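Enquirer: my questions concern the predicted model and sequence given below.
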Amino acid sequence: MFFDVFFSLNQTTVDSIQPFEWQLLQSFFEQVEAADRLGYGVAWVAQHHFMWDILKRTSKATFPNYKGNIGLNSDILLLAPHIFSRTKNIEVGEVSRNLISGGGPVAHAQAVRTFMAFHEFGPFAHRRLHLGLSNGEYQFNSSPFWVSPRSDAEKAAWPALKKKIFAEALVVFLRLTRGDVFFSSRMSHNGLCRADFHSDEEWNSVRRLAGESEAEKISFPERWSFEQLGLVPQDVSLGSLGLYLGSHDASLQQLANEFMPCGVMDAALTSGDEIESTHKHMAEAYYFPKAPWQRSMLPRLTPVFLDTTSGLTAEEQSARAVKKARRSLEMFWLAHAESLDLAAIETALKNALVGNASEVAGQLKSRYHKDDRLMLWFDFCNHNSKEVLASMAEFQRVVVPQVSG
């Protein structure tokens, strides 16, 4: 089993405490340096945009109860060199890079190629950069970058159309990243048909608003239109770049792997059945036949609530861990919703790693394959860096030997 660490850089209020940005960043660098010393494989950092307290004042206030900012990393390409310079072995990853925001796929491809060109000549060239690729879960991340409905028809079709827009962005990003020269007009991913909608009513509404009531397929103008285009630098090695699609959609997985080797990232605590279905599909869809699909190409996020307090019985340690987990999950839930969903909290408890060392080791053995890669979330609603550091160390000291032994 492969163990990485996920860093949220989350500035939300926990127990009436909201750290200053400098405190959060100081704790982050302490923790990433410790993760390197402890032997974790990849430091995955969440990507976010914009001040959430400001967004609460707008019409796009998706989480009006959220206090603080959900994350401070807006671009791993700027943060990665600082992580590499402070560590010896750990690699760097981002969860996940929103291809629609931040200037769109052309800008992202340009930035990634430039980073990789410079990285190749630096002292850390042997360490990989891992990028999750997503379409941005929330519309407020896309609207400031001019990705929003342009007509009543697009507004009615938006959930389905946004998936097509992401497919367009994905192809542009992958082709430019690998060094292609091409015309945007040679792509056609924005067509919608009845299968893209939940009901006849939705589909007929879109057709009516588009003025094509009898059409079997409706095409919308592409979002990124350009004549023949190629990027500089041209001579770039991508051997140290790992890409992961942040979606379990089989059609998107297939599409991505037509252009570049692309794994899958799970940051949603997806059920085991869907995970196994993805592994089965990717065994056939993965791009590079000389390096067949491996389970470690699907990193999975999981919160960790481990208690190894000395002087306590195993039962007392377990009770403390469950209490801590439930409290953290409740705070997280209330920040994102108006009221607690107790059933959802219990489900999240069952999906997280919670308990004393033996219990957590048992959960790892029963839920995961021996070749899985996990992004362990130690700082889940926890700004106490000493606690986070201790949990990271104890996991390696008392849990990992029970799993690998």
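Expert: Perfect, I can see it now. Keep in mind that this is a model prediction, so the values were computed, not measured. Numbering: from 1, shown residues only.

Enquirer: now the lowest-mean-pLDDT helix or strand in the chain, how far from the chain's geometric center?
Expert: The helix or strand of the chain with the poorest confidence is helix 52-55; it has a mean of 72 (mean pLDDT, DSSP states H and E). Per Cα atoms, centre = their mean, to the nearest Å, the displacement of helix 52-55 from the mean C-alpha position of its chain is 21 Å.

Enquirer: which element follows that helix toward the C-terminus?
Expert: Reading on from helix 52-55 to the C-terminus, the next helix or strand found by DSSP states H and E is helix 76-86.

Enquirer: now for that following helix, which elements pack on it?
Expert: Counting contacts by 3 or more Cβ pairs under 8 Å, 6 or more residues apart in numbering; DSSP states H and E, helix 76-86 packs against helix 21-38, strand 42-46, strand 91-98, helix 105-119, strand 129-134. Placement of C-beta: from N, CA and C, glycine included.

Enquirer: mind listing what's buried in it?
Expert: Burial within helix 76-86, assessed by neighbour count using 16 or more other Cβ atoms under 10 Å, is assigned to Ile76, Leu77, Leu79, Ala80, Ile83, Phe84.

Enquirer: measure the residue nearest to Arg113 when sequence neighbours are not counted to Glu33 for me?
Expert: Leaving aside its chain neighbours, Arg113 sits nearest to Val236 (5.1 Å; criterion: Cβ to Cβ, 6 or more residues apart in numbering). In this structure, Val236 lies at 29 Å from Glu33, with Cβ to Cβ, to the nearest Å as the measure.

Enquirer: pLDDT weak spots in this protein?
Expert: Per-residue confidence of the chain (counting by pLDDT under 70) places the weak regions at 52, 60-64, 186-189, 338-339, 405.

Enquirer: all helices of it, in order?
Expert: 21-38, 52-55, 76-86, 105-119, 152-178, 200-210, 250-256, 272-285, 314-336, 342-351, 357-367, 385-394, 400-404 (DSSP state H).

Enquirer: coming back round to it: give me the more crowded residue out of Val236 and Glu33.
Expert: Higher neighbour count among Val236 and Glu33: Val236, with 21 against 17, using other Cβ atoms under 10 Å.

Enquirer: residues near Glu346, how many?
Expert: Neighbour count for Glu346, taken as other Cβ under 10 Å: 12.

Enquirer: right, I mislabeled it, should have said Gln317
Expert: The tally of other residues near Gln317 (other Cβ under 10 Å) stands at 21.

Enquirer: contact partners for it?
Expert: Shown here is Gln317, whose contacts under the criterion Cβ atoms under 8 Å, 6 or more residues apart in numbering are Asp307, Thr308, Thr309, Gly355, Asn356, Ala357.

Enquirer: and these, which are buried?
Expert: When the contacts of Gln317 are checked for burial by 16+ other Cβ under 10 Å, the buried set is Asp307, Thr308, Gly355, Asn356, Ala357.

Enquirer: tell me the one among those nearest to Pro159.
Expert: When the buried ones among the contacts of Gln317 are ranked by distance to Pro159 (Cβ to Cβ), Gly355 comes first, at 38.5 Å.

Enquirer: now the closest one, which residues is it bridged with?
Expert: For Gly355, the beta-bridge partners are Leu306 (DSSP bridges).

Enquirer: out of the helices of the chain, which is closest to Trp224?
Expert: Of all the helices of the chain, it is helix 152-178 that lies closest to Trp224, at 5.4 Å by Cβ to Cβ.

Enquirer: packing partners of that closest one?
Expert: Applying 3+ Cβ pairs under 8 Å, 6+ apart, one finds that helix 152-178 makes contact with helix 105-119, strand 129-134, strand 191-192, helix 200-210, helix 250-256.

Enquirer: what comes up buried for stretch 311-326?
Expert: When burial is assessed from 16+ other Cβ under 10 Å, stretch 311-326 yields the following buried residues: Gln317, Ser318, Arg320, Ala321, Val322, Lys324, Ala325, Arg326.

Enquirer: swap in stretch 361-371?
Expert: Within stretch 361-371, the residues that qualify as buried by neighbour count (16+ other Cβ under 10 Å) are Ala361, Gly362, Gln363, Leu364, Arg367, Tyr368.

Enquirer: hmm, the last one is touching Ala361, no?
Expert: No. When contacts are counted by Cβ atoms under 8 Å, Tyr368 is not listed as touching Ala361 (11.1 Å).

Enquirer: mean neighbour count and distance to Val42 added to the helices and strands packed on helix 152-178, as a markdown table?
Expert: What follows is the helices and strands packed on helix 152-178, written out as a markdown table (neighbours: other Cβ atoms under 10 Å; distance: least, Cβ to Cβ, whole Å):
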| stretch | mean neighbour count | distance to Val42 |
| --- | --- | --- |
| helix 105-119 | 19 | 15 |
| strand 129-134 | 25 | 6 |
| strand 191-192 | 18 | 37 |
| helix 200-210 | 16 | 40 |
| helix 250-256 | 17 | 20 |
